[in-house]
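Peer 1: With the sequence up front, the predicted model follows.
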Amino acid sequence: MTALVRRYLKTAILFLIVGLALGAWAMVQREIGLTFPGAFLISAHTHAILVGFVMLMILGVAQWMFPRPAKADVHYSAKRASAAYWFITVGTAARVVGELLRTGSSALWLRWVVVVSSFAQIAGLCLFFYNMWSRIRAVGSEQREKSGEQF
């Protein structure tokens with residue numbers, strides 16, 4: 001397992017912890033405080049869990065499990081894989097913090113933080129899959145499929 005894969009997976013676990021804490025806080029607000037959690041808290045919780053945990057975990061496992069780049073592959077780039085990680089991670093962290101800060105402020109600069117961070121998430125995900133495209137290929141199974149094996 002490469003350092004980049006470990007970074008994806010460990011960061012995913014950190015986002016899970018943040019997401020669980022936000023979910024617990026939302027539950028306390030609803031059940032003890034008898035107030036429905038606001039849209040910004042729900043959005044922060046959702047992005048921490050779905051993008052921060054689920055997507056980073058999926059992307060890290062994909063980075064680890066997909067076939068290695070072919071020797072002649074000039075498309076895949078480890079630098080792009082790292083850049084995708086940073087776009088997603090920083091974008092998600094900024095989005096979570098920005099959404100939480102929005103509960104007490106409607107400042108224009110803060111709204112821009114939320115918007116720009118969401119675009120960073122999108123850019124990171126698109127960059128990841130663009131970069132991985134050439135690694136989505138048959139390795140071994142192609143010959144078995146041609147011989148008629150079904151699995």
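Peer 2: Now that the structure is in, tell me what you want to look at. Residues are numbered from 1 along each chain as shown.
Peer 1: Kindly list the longest helix within this structure.
Peer 2: The helix spanning the most residues in the chain, taking DSSP state H as the definition, is helix 3-31.
Peer 1: tell me the angle the following helix or strand past that helix makes with helix 3-31.
Peer 2: The helix or strand immediately downstream of helix 3-31 is helix 39-47, counting by DSSP states H and E. Counting by axes from the mean of the first three to the mean of the last three Cα atoms, to 10 degrees, helix 39-47 points 140 degrees away from the direction of helix 3-31.
Peer 1: Give the rounded mean pLDDT of helix 39-47.
Peer 2: What helix 39-47 shows for mean pLDDT is 96.
Peer 1: Show me what it is in contact with.
Peer 2: Contacts to helix 39-47, defined as Cβ atoms under 8 Å, 6 or more residues apart in numbering, come from residues 19, 22-23, 25-26, 29, 37, 92, 95-97, 99-100, 102-103, 121. Just so you know, the C-beta spots here come from the backbone N, C-alpha and C atoms, and that holds for glycine as well.
Peer 1: Any chance of a ChimeraX selection covering the buried ones in the residues you listed?
Peer 2: One line in ChimeraX is enough to select the buried ones among the contacts of helix 39-47; burial here means 16 or more other Cβ atoms under 10 Å:
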select :19,22,23,25,26,37,92,95,96,97,99,100,102,121
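Peer 1: Closest one to residue 6 out of the contacts of helix 39-47, please.
Peer 2: Distance to residue 6, by Cβ to Cβ, is smallest for residue 92 among the contacts of helix 39-47, at 18.0 Å.
Peer 1: in what helix or strand does that closest one lie?
Peer 2: Element membership for residue 92 (DSSP H and E) is helix 78-102.
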